[in-house]
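[1] A structural model of the following input is requested.
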Amino acid sequence: MKYDEMNNIYEFDSMSDYIKTITTHKNPKCAGGHSDRTYDSEWYGTRTFDEAIKLATEGWTECAERLNKNYNVAVRQENDKYFKTFLSQAGYQAIVPLWLNGCPNNMMNRKMEVKKQKVLTIVKSVGFRADASAKQIEEESLKTLILVNMLEKKGYRVNLYTLNGFTIGWGRPYFVRVKIKAANERLNISKLAFPLVHPSMLRRLNFKFREVFCGNDMGGSLYTKSECEKAIRKGEIFVPSFMKMSIDDIKNISDVEDGLTVEEKQGRW
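    Below is the predicted model:
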């Protein structure tokens, strides 16, 4: 875990790092918080905290199967290497005119090279109001998963973070960044589905973080780019909690960059 004290930003390099931190640290001042409650499983999306940890650790296969069936979202299988041909003194085929003219590099040869691909970093807000249903959270978050899948199919490499911004009382804001995919990793829908889409990422795991590090899980979430600006680095693409477009409207990354959020366009709802 990295901590930027000036901006109050906690950053984790992986989900495993995040899970280990929130499950091993204790704060006796906030025992029995919202993250461990067993009622209202529909709101949480899971019956218990342990169930949420299991999904986060093993992957949310049910969501991955549903996505592949409804939206043709699957692990990217394209080859990121190619053969480059060049002239050399040795190779697999002679170029007779060059040999007759005495050119030393008269043989056709080839070598394997890695395609140069643009790397994008996407930061997805996973903060939602208490009155947002589990279904609303899933529907909004699926847009980002489908966007990442689309970008990687087009040849981009994507670093993907979740971001939870929140306040405790009237204090300054906290930010929690969790890297759930590195650009050099293959797209694994089952692995990404829980941290990106499941309501328990916020309502169990991120609530647990608040209990452990803030001593209080009660506070307001931050949703928009202006509210989360301190935790977004130059060149990163921020995806808000709510977007005005539907899944079918997302054709390219500019649709997200140029689009207003529901809340910025219409006010908080």
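[2] over to residue 205. Which of the three states is it?
    Following DSSP: H, G, I helix; E, B strand; the rest coil, residue 205 is assigned to helix.
[3] go ahead and confirm it touches residue 18.
    Yes - under the criterion of Cβ atoms under 8 Å, residue 205 makes contact with residue 18 at 7.3 Å. In short, each C-beta sits where N, CA and C put it, glycine included.
[4] intersection of neighbour lists for those two?
    Between them, residue 205 and residue 18 share no contacting residue under Cβ atoms under 8 Å, 6 or more residues apart in numbering.
[5] the stretch 151-269 of the chain: strands as residue ranges?
    Residue ranges of the strands in the stretch 151-269 of the chain, as given by DSSP state E, counting those that start in this stretch, are 157-167, 174-181, 220-222, 237-239.
[6] which one of these lies closest to residue 133?
    For residue 133, the closest of those is strand 220-222, at 14.9 Å, according to Cβ to Cβ.
[7] so for the closest one, what gets flagged as buried?
    Buried residues in strand 220-222, defined by neighbour count with 16 or more other Cβ atoms under 10 Å: 221, 222.
[8] list the strands paired with it, with their directions.
    strand 157-167 (antiparallel) (DSSP bridges).
[9] what's near enough to touch residue 15?
    56, 178, 180, 191, 195.
[10] what's the helix or strand for residue 16?
    Using DSSP states H and E, residue 16 sits within helix 15-24.
[11] got the CA coordinates for stretch 226-239 in CSV?
    Provided in CSV are the C-alpha atoms of stretch 226-239 (Å, rounded to 0.1, in the frame of the first residue of the first chain):
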residue,chain,number,x,y,z
SER,A,226,-14.4,17.5,-10.1
GLU,A,227,-14.9,15.9,-6.7
CYS,A,228,-12.2,13.2,-7.3
GLU,A,229,-9.7,15.4,-9.2
LYS,A,230,-6.9,15.0,-6.6
ALA,A,231,-6.9,11.3,-7.1
ILE,A,232,-6.7,11.4,-10.9
ARG,A,233,-3.3,11.8,-12.5
LYS,A,234,-2.5,13.6,-15.7
GLY,A,235,-3.4,11.6,-18.8
GLU,A,236,-5.7,9.2,-16.9
ILE,A,237,-9.3,8.7,-18.1
PHE,A,238,-11.9,9.0,-15.4
VAL,A,239,-15.1,7.1,-15.6
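[12] pLDDT score assigned to residue 116?
    With respect to pLDDT, residue 116 scores 65.
[13] pLDDT below threshold where in the stretch 101-250 of the chain?
    When residues are selected by pLDDT under 70, those of the stretch 101-250 of the chain lie in 113-116, 217, 247.
[14] what angle do strand 174-181 and the longest helix along the chain make with each other?
    Taking DSSP state H as the criterion, the chain has its longest helix at helix 134-153. Orientation of helix 134-153 against strand 174-181 (axes from the mean of the first three to the mean of the last three Cα atoms, to 10 degrees) gives an angle of 50 degrees.
[15] right, and residue 168 touches residue 214 too?
    Yes - Residue 168 lies in contact with residue 214 (Cβ under 8 Å); the separation is 5.1 Å.
[16] overlap of the contact sets of those two?
    residue 174.
[17] ok, the closest residue to residue 95 other than its chain neighbours - contacts?
    Nearest residue to residue 95 in three dimensions, chain neighbours excluded: residue 106, at 5.2 Å (Cβ to Cβ, 6 or more residues apart in numbering). The contact partners of residue 106, taken as Cβ under 8 Å, 6+ apart, are 87, 89, 94, 95, 98, 99.
[18] that older thread, is it possible to export the strands of the stretch 151-269 of the chain to a markdown table including distance to residue 63?
    Below are the strands of the stretch 151-269 of the chain laid out as a markdown table (distance: least, Cβ to Cβ, whole Å):
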| stretch | distance to residue 63 |
| --- | --- |
| strand 157-167 | 15 |
| strand 174-181 | 14 |
| strand 220-222 | 22 |
| strand 237-239 | 18 |
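[19] among those strands, which is nearest residue 210?
    Among the strands of the stretch 151-269 of the chain, the nearest to residue 210 by Cβ to Cβ is strand 157-167 (6.9 Å).
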